Structures are given as structure tokens and as C-alpha cells.
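> The sequence and its predicted three-dimensional model are supplied below.
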Amino acid sequence: MTTARWTPWQPLALTHALSAAVLAETVDGGQAFRWQPEPGGTFLGQWDRHVARLSLDPDARLHWSALATDTGAALLRYLDGNGDPRALADTLPWRSDAHLARCIAAFPDLRILRQPFGETLLGFLCSATKQIVQIKQMMALLAERHGAAIGDAGSPNPALLRFNRLPTWAEIAVIPEAELRGCLLGFRARYIHETAQFIAQRPGWLEETEAAPYAEAKTRLISLPGVGEKVADCVLLFGAGRLEAFPVDVWILKTMERRYGLVGWKPAQVAQFGRAHFGPLAGLAQQYLFAWERAEARR
DNA sequence: TGACAGGGGGTGT
DNA sequence: ACACCCCCTGTC
């Protein structure tokens, strides 16, 4: 009998060390919805067909363990898809923006994830008027009830059979809407159902959208039922590495009001301000601002 | 311990 | 401006 096993813990070749707070903010701060904190400070996460654990050693170096040997390369892309976060942050206008400067100082090496495009779309279609815990529940139920097991009978590692991937869009297209509702999706079930039909009828559409220039990709995403400006920008930021995407939600609205004096501004106005003020990496700036407000809310 | 309101990271009409 | 769903959280 083959024994279930995790690979030995290995260091991940990231440029810098990482604090526990930054690690938590990166994988469990609203970019992704499939990471669970575990006792002892590790995180267990899934994306695509990968399952991984992350841990920080006493020197704050990131280590990983996984169920498949090729997860290391995938993890590097997932976590480090945009290169050296410190160099990226340095290009933000922190020299003339004291608030941004203290956000960056408080969360050095905060990263924008590079998640699979399709599952990022699914996650943010679930996100309307929901908090992270609830979105995570929806994702977990979708994977558990409608996703294929990772690995197969001939898999070298039977432990993989205990984990499911998320259903693909093709798989979702044939799930009755009532069953989607059973996964706590509520009114989002109809959007997800209809989006799945749309994608299923257009082979290659999702891939072309991911590859398209930012403005065109955003227009295409917004044509999907249940996808507006905010969701489209989240998908492009967290699922396609488009750091110019600047999602405006009620938290950012409050932040910009409180820290930048934009009292009474509408979302479209704040989005325009954000792009002009923060520049081509506005989405990265947004993530720093968000991390700061979340930390403050916990105090 | 259990019931009960209140509100929630948005979109579509 | 309001409906859409219904789970989570805080409170009594």
C-alpha cells in the first residue's frame, strides 16, 4: 500500500523574508478564497490541481510542502507572478504620499497573487455583498460537491484523492441552478449559471479575455452577467497580473474618503483618482491601503 | 444556549 | 433608488 504523503518542507526562493501578518494578508486577505489558517501558523491552500502548505521558519523565510512534486514551480508562479514586490512598491508614489508610505512600511513584500484566471472569476462572482469567510464557504462547497478529485486511481499519491479542485466552467455549465443555490450562492447562483452558459458556448473566450489588453479584457468581462466594474478589476488584478486594475469597493471608498479627503465621491470618480494618483501599479497600491484598513479594523 | 435583528468587499433594472 | 438571497455576527 502506498502511503499518503506531503513533500518535505522546502524553502521557496522569494527575494525577501515575510512576516506572519504579510503572509496572512497575502493568501487570506481577500485576493484568494481557498486558503485556511491551521494551528501552528501554517496555511493550507488550493488552486488549480495543486494543494500546498505554507509556513514561516524562525528567520521568516517562507517554506512549502505539497502533495505533488511539481507544485513548487506552480507555487512560485502563483505567489511571485509579478516579481520582486519591494521593487514594485518602490515605483509607487510613496515619496509624495505619507499614508501610502506608512502602509508599505507596515506590510513590506505584500504580493499580488497570480491565480488561475477562471477560478478567480468564479471567486469574485461569489463576492457580491459577502465577506471573506462566506466566500470561502461557497468555494469549499463548490469544490466538495461539484469539483473533480485531484489525482486518480493511479496517482502516485493517494492523499491527493482527498482534495477536490474547483469545478471548471464547462462543469458548472451543466449544474442545475438549484444545486448551485445549495452551495450558499443565493442570488449569485443565477449569475454563475448564466456566465457558465456564456463561456461554454464560446470555446477559447476565457483564454482570449485573459490575454487581451487591459481595457478590452475588462470590457469583455463586464459583458458577463454578474460582472461589473469592481468584479472585473478584481479578476484582472488577482487572476491576470494586471496591476493597473484598481477595484473600487465600499472599503476603498471609505479609505479614500478618510485618508485622501474624497468625501462624497462616487466609485467611478474614485477609480479615476486612483489611476491618476497611484499610476500604472494602482492595484498594488490598493492592496496596501486595504491591508492597512483591515489591520486597523482588528484593533 | 438560543432566538433575533442587522448588515454585508455588488450588479442589474 | 431598490431588489436580489441568506449566512454571519453581535446581542439580548
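On my side now, so go ahead. Values in this document were obtained by computation on a predicted structure and should not be read as measured data.

> mind checking how far the longest strand seen in chain A is from the chain centre?
Of all segments of type strand in chain A, defined using DSSP state E, the longest is strand A:50-56. For strand A:50-56, the separation from the chain centroid amounts to 15 Å (computed by Cα atoms, centre = their mean, to the nearest Å).

> what's that strand packed up against?
With contacts taken as 3 or more Cβ pairs under 8 Å, 6 or more residues apart in numbering; DSSP states H and E, strand A:50-56 sits against helix A:20-28, strand A:43-47, strand A:62-66, helix A:71-80. (Each C-beta comes from the backbone N, C-alpha and C, glycine too.)

> Within its sheet, name the partner strands of that strand and how each one runs.
Sheet pairing for strand A:50-56, assigned by DSSP bridges, gives strand A:43-47 (antiparallel), strand A:62-66 (antiparallel).

> Let's have the helices and strands packed on strand A:50-56 in JSON lines, adding distance to A:Pro11.
Shown next, in JSON lines, are the helices and strands packed on strand A:50-56 (distance: least, Cβ to Cβ, whole Å):
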{"stretch": "helix A:20-28", "distance to A:Pro11": "14"}
{"stretch": "strand A:43-47", "distance to A:Pro11": "16"}
{"stretch": "strand A:62-66", "distance to A:Pro11": "5"}
{"stretch": "helix A:71-80", "distance to A:Pro11": "10"}
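
> right, and those - which one's nearest A:Pro8?
strand A:62-66 (6.9 Å; Cβ to Cβ).

> For the helices and strands packed on strand A:50-56, give me CSV that also has mean pLDDT.
CSV is the format used below for the helices and strands packed on strand A:50-56 (pLDDT from 0 to 100):
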stretch, mean pLDDT
helix A:20-28, 94
strand A:43-47, 96
strand A:62-66, 96
helix A:71-80, 93
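
> Specify the angle between the longest helix along chain A and helix A:20-28 in degrees.
Under DSSP state H, the helix in chain A containing the largest number of residues is helix A:282-298. Interaxial angle, helix A:282-298 versus helix A:20-28 (axes from the mean of the first three to the mean of the last three Cα atoms, to 10 degrees): 120 degrees.

> how's chain A carved up into domains?
What automatic domain parsing lists as the domains of chain A is A:1-81, A:117-240.

> Tell me which of those lies nearest to DNA strand C.
DNA strand C lies closest to domain A:117-240 among the domains of chain A, at 3.4 Å (Cβ to the nearest atom of the strand).

> picking up where we left off before, would a markdown table of the helices and strands packed on strand A:50-56 with mean neighbour count be doable?
Shown next, in a markdown table, are the helices and strands packed on strand A:50-56 (neighbours: other Cβ atoms under 10 Å):
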| stretch | mean neighbour count |
| --- | --- |
| helix A:20-28 | 20 |
| strand A:43-47 | 20 |
| strand A:62-66 | 20 |
| helix A:71-80 | 17 |
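
> count of residues packed around A:Asp90?
11 (other Cβ atoms under 10 Å).

> What confidence value was assigned to it?
We have a pLDDT of 98 for A:Asp90.

> how close does it sit to A:Gly147?
40 Å (Cβ to Cβ, to the nearest Å).

> Check A:Glu171 too.
8 Å.

> Comparing these two, which residue is more hemmed in?
Just comparing A:Glu171 and A:Gly147: by other Cβ under 10 Å the higher neighbour count belongs to A:Gly147, 20 against 16.

> Excluding chain neighbours, what is closest to A:Glu293?
For A:Glu293, ignoring the flanking residues on the chain, the nearest one in space by Cβ to Cβ, 6 or more residues apart in numbering is A:Thr255 at 5.4 Å.

> so the one you found touches A:Phe290, yeah?
Yes: using Cβ atoms under 8 Å, A:Thr255 makes contact with A:Phe290 at a distance of 7.4 Å.

> tell me, how many neighbours does A:Ala128 end up with?
Residues near A:Ala128, counting by other Cβ under 10 Å: 17.

> residue contacts, it?
Shown in contact with A:Ala128 (Cβ atoms under 8 Å, 6 or more residues apart in numbering): A:188, A:226, A:231.

> Assign A:Arg5 to helix, strand or coil.
coil (DSSP: H, G, I helix; E, B strand; the rest coil).

> Could you check the longest helix of chain A and say which residues are buried?
Under the neighbour-count criterion of 16 or more other Cβ atoms under 10 Å, helix A:282-298 has A:282-294 buried.

> Sounds good, over and out.
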